[in-house]
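Asker: Here you go, sequence then predicted model.
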Amino acid sequence: MSAPQDVLLQRREGAVLVLVNNNPAARNALSAEFYTAATQALAEADADPTVGAIVLTGAGGFFCAGGNLNQLATRREMAPEDRRERLELLHTFVRRLRDTAKPVIAAVEGGAAGAGMSLALACDLLVSSREAFFGVSYIKVGLTPDGGITSFLAEFVSRQVLTELCLTGDRITAERLNALGAVNRLVEPGSAEAEAIALGQRIAEGPDRATARIKALCRGAHMRSLDEQLELEARAMVESQGDDEAAEGIGAFLQKRRADFTALRRRG
C-alpha cells in the first residue's frame with residue numbers, strides 16, 4: 001500500500017498499522033495528496049482483519065505544522081465553492097478518523113499546530129512527547145479554525161479557555177494539554193511513536209467488534225443525554241452478548257485462562 005509521491009508512509013508493527021505524514025522539509029505541512037492517501041489508508045485498514053489499531057505520526061521528529069501557507073495564499077483567487085471543495089478533503093479525513101472502527105492513536109513529537117492539532121485531537125488516543133507543543137494558530141495568519149479543532153477542544157476545556165486559545169493562538173505545552181486531560185501518555189522526547197505502537201499492540205490483542213462498539217460509544221458520549229447513552233449501551237451490549245468474542249472472553253475467564261481474540265480474527 002504505497003501513497004502517491006510518498007506523502008504517506010505505511011508500515012506494519014504486528015497488528016498495528018503505522019501511518020507517517022511524510023513532508024519533513026515543511027514540518028509535515030498538509031496537502032490534498034496527504035488527505036486522499038490517508039483517507040484511503042484508513043478505509044483499507046477498516047477492511048483488513050489483521051489490523052487491530054492504527055498509529056498516526058509525522059516524519060522527522062515533528063507531527064504536523066498544519067496547512068501549507070504557500071498553497072493557502074492562492075485560495076484568495078478561488079471561488080468560494082472551490083475553496084470549500086478543497087477544505088472538504090481535510091474534513092473528510094477527520095470524519096474518517098472518527099468513523100473508522102479501528103482505534104487511532106496520535107504520536108506527537110515536536111509540535112502540532114493549526115490543522116495538525118486538529119488531527120492529533122481527532123484521534124481516539126494521544127501520546128505526546130513532554131517537550132512537544134500544540135497551537136490553535138489560525139488567528140496569527142488571519143484565518144479561522146477548521147478540522148474540528150473547536151469541537152475537540154470543547155470536549156475538555158471551558159468556553160472561556162477555548163476562546164482564549166483560538167483568539168491568541170498561543171502555544172500550549174504538552175504538559176498543559178496533559179493537565180487538561182487530553183493526553184493519554186506523556187513520554188520523553190523521541191519515544192512517542194514507540195509508546196503509541198506499544199499501546200496499539202495492547203489494544204489490538206482485544207476483541208475487534210467490542211473494540212469498535214466501545215470506540216463508537218466513547219466518541220459521542222459527551223454530547224448525548226444519559227437516556228440516549230443508556231440506549232446505545234443497551235444495543236451494543238445485546239450485540240456483544242451474542243458475539244463469539246463474548247463466548248471466548250467469558251469462557252476464558254471461567255476456565256482461568258487468557259482469552260485469545262486473535263484466533264477469532266484469524267478465523268473470521
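Answerer: Now that the structure is in, tell me what you want to look at. Small disclaimer: the values here were computed from a predicted structure and weren't measured.

Asker: Which residue is the nearest non-sequential neighbour of the spatially most central residue of the chain?
Answerer: Nearest to the mean C-alpha position of the chain, counting by CA atoms, centre = their mean, stands Cys123 at 1.7 Å. Nearest in space to Cys123, with sequence neighbours left out and distances taken as CB to CB, 6 or more residues apart in numbering, is Ala106 at 3.9 Å. C-beta: built from backbone N, CA, C; applies to glycine.

Asker: neighbours around Gly181, how many?
Answerer: Per other CB atoms under 10 Å, the neighbour tally for Gly181 reads 10.

Asker: Give me the next element, helix or strand, following the one helix or strand Phe93 maps to.
Answerer: Under the criterion of DSSP states H and E, Phe93 resides in helix 80-99. Downstream of helix 80-99, the next assigned helix or strand under DSSP H and E is strand 104-108.

Asker: now for the next helix-or-strand element following that next one, which elements pack on it?
Answerer: As assigned by DSSP H and E, the chain's next helix or strand after strand 104-108 is strand 111-113. Strand 111-113 sits against strand 133-135, with contacts defined as 3 or more CB pairs under 8 Å, 6 or more residues apart in numbering; DSSP states H and E.

Asker: quick one: average confidence on the strand it packs on?
Answerer: Mean pLDDT, strand 133-135: 97.

Asker: any residues touching whatever helix or strand comes next after that strand, and which ones?
Answerer: Using DSSP H and E, the helix or strand that directly follows strand 133-135 along the chain is helix 149-154. Residues outside helix 149-154 that contact it (CB atoms under 8 Å, 6 or more residues apart in numbering) are 115, 117-118, 121-122, 136, 162, 165-166.

Asker: With stretch 80-87 instead?
Answerer: With CB under 8 Å, 6+ apart, stretch 80-87 has contacts from 32, 75, 78, 146.

Asker: Quick one: which of those residues is the most crowded by neighbours?
Answerer: Neighbour tally across the contacts of stretch 80-87 (other CB under 10 Å): the maximum, 17 neighbours, falls on Asp146.

Asker: which residue sits closest to Gly66, ignoring its sequence neighbours?
Answerer: Per CB to CB, 6+ apart, closest to Gly66 is Gly114, 2.6 Å.

Asker: The one you found and Ala59: what is the separation?
Answerer: As for Gly114, its distance to Ala59 is 18 Å (criterion: CB to CB, to the nearest Å).

Asker: ok, now Cys123?
Answerer: 17 Å.

Asker: How about Ala179?
Answerer: 28 Å.

Asker: Comparing the two, which residue is more hemmed in?
Answerer: Ala59 (18 against 11).

Asker: Residue ranges in the stretch 151-268 of the chain under the pLDDT threshold?
Answerer: 266-268 (pLDDT under 70).

Asker: Show me where it has its helices.
Answerer: 159-168, 174-179, 192-204, 208-219, 226-241, 244-254, 261-267 (DSSP state H, counting those that start in this stretch).

Asker: Please name whichever of those helices is nearest to Leu9.
Answerer: helix 192-204 (12.1 Å; CB to CB).

Asker: With only the CA atoms kept, save the closest one in PDB.
Answerer: Taking Å, rounded to 0.1, in the frame of the first residue of the first chain, the C-alpha atoms of helix 192-204 are listed here in PDB:
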ATOM      1  CA  ALA A 192       6.200   8.900  21.400                       C
ATOM      2  CA  GLU A 193       5.900   6.600  18.400                       C
ATOM      3  CA  ALA A 194       7.300   3.600  20.200                       C
ATOM      4  CA  GLU A 195       4.900   4.200  23.100                       C
ATOM      5  CA  ALA A 196       1.900   4.600  20.800                       C
ATOM      6  CA  ILE A 197       2.800   1.400  19.000                       C
ATOM      7  CA  ALA A 198       3.000  -0.500  22.300                       C
ATOM      8  CA  LEU A 199      -0.400   0.900  23.300                       C
ATOM      9  CA  GLY A 200      -1.800   0.000  19.900                       C
ATOM     10  CA  GLN A 201      -0.400  -3.600  20.200                       C
ATOM     11  CA  ARG A 202      -2.100  -4.000  23.600                       C
ATOM     12  CA  ILE A 203      -5.400  -2.800  22.200                       C
ATOM     13  CA  ALA A 204      -5.000  -5.000  19.100                       C
END
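
Asker: Nothing else from me, thank you.
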